[in-house]
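S.K.: got a predicted structure here, sequence first:
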Amino acid sequence: MNESIAQNLLGFKSHLPEEVTLVAVSKTKPVSDLMKAYDSGQRIFGENKVQEMTSKWEVMPKDIQWHMIGHLQTNKVKYIASFVGLIHSLDRLKLAKEINRQGERHRKIIDCLVQIKIAKEEEKYGFSIQEAFEFLSDLNRNPLPYVRIRGVMGMATFTADQQQIKDEFALLEDFYLKHQKTFGFEVLSMGMSGDYTLALDHGSNMIRVGSAIFGSRTSH
């Protein structure tokens, strides 16, 4: 499978709309695999563990944009603040304040997506639709100068029910379009290897794809 990473990536990109950003989800994969994707032109990689992301950042080319796509503990922000390109998982005010604090420390405005829980699964993180609106409205009134909200992110329920996935994506698309001007949204991030085509149908302009590029994982 490793030998076909470049082939997988180029084949995948060839049918992706130009305006859609591809985040290569590289969690659990060795640097050698990431470098195959890098050598094929990929520059955006997504990791869900802070320690893994920092260790890869240390040894890989510095023109890579690293995206934190997993749940982020407040006390771990300091390890990635200096280099992270985009945090997908801003899901509480306490985290926003810590990102702002670390951004100030590094004199760097940190780009974030507000994570909204559209899935039915209890273990998924994120604001409810109403909570997200209240959080964003509060930020408009009381800005955190080192936090820049670029848009929203959501993950659909892991299910074979295509209609449920469509309904969940439609919910986030509706929120994005309704509040795009008010909150200055540019990014609607939803869709992974198994459901990205449905996400694209609902306006996603950033997808997170791992197994379709790197092959299946043995661990999470």
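M.R.: Received it, and whenever you're ready, just let me know what you need.
S.K.: got a list of what the most centrally placed residue in the chain touches?
M.R.: The chain has His88 as the residue nearest its centroid, 3.8 Å off, counting by CA atoms, centre = their mean. For His88, the contact set (CB atoms under 8 Å, 6 or more residues apart in numbering) comprises Gly46, His67, Met68, Ile69, Cys112, Leu113, Gln115, Met153, Ser189, Arg208. For glycine as for every other residue, the C-beta is placed from the backbone atoms N, C-alpha and C.
S.K.: tell me what the helix or strand encompassing Trp66 is packed against?
M.R.: For Trp66, the host element (DSSP states H and E) is strand 65-68. Counting contacts by 3 or more CB pairs under 8 Å, 6 or more residues apart in numbering; DSSP states H and E, strand 65-68 packs against strand 44-47, helix 50-59, strand 84-90.
S.K.: pLDDT wise, what is Arg217 at?
M.R.: On pLDDT, Arg217 comes in at 65.
S.K.: cool, Ala160 as well?
M.R.: 93.
S.K.: quick check: phi and psi on it?
M.R.: phi -80, psi -10 (degrees, to the nearest 10).
S.K.: same thing with Ile149?
M.R.: The phi/psi pair for Ile149 (degrees, to the nearest 10) is phi -80, psi 120.
S.K.: from Lys178, how far off is the residue nearest to the centre of the chain?
M.R.: Plainly put, His88 is 21 Å away from Lys178 if you go by CB to CB, to the nearest Å.
S.K.: now the helix ranked longest in the chain: buried residues?
M.R.: The residue-count maximum for a helix in the chain (DSSP state H) belongs to helix 162-183. Going by neighbour count (16 or more other CB atoms under 10 Å), the buried part of helix 162-183 is Ile165, Lys166, Glu168, Phe169, Leu171, Leu172, Glu173, Phe175, Tyr176, His179, Phe183.
S.K.: how close does the closest residue to Ile129 other than its chain neighbours sit to Phe133?
M.R.: In space, and not counting its chain neighbours, Ile129 is closest to Phe175: 5.8 Å by CB to CB, 6 or more residues apart in numbering. Counting by CB to CB, the gap from Phe175 to Phe133 is 8 Å.
S.K.: for Ile5, same thing?
M.R.: Taken as CB to CB, the span from Ile5 to Phe133 is 40 Å.
S.K.: who has more neighbours out of the two?
M.R.: More crowded of Ile5 and Phe133, by other CB atoms under 10 Å: Ile5, with 23 against 18.
S.K.: picking up where we left off before, wait, the residue nearest to Ile129 touches Ala132, no?
M.R.: Yes - look at Phe175 against Ala132 with CB atoms under 8 Å: they come within range, at 7.1 Å.
S.K.: so what sits against both of those two?
M.R.: Ile116, Val152.
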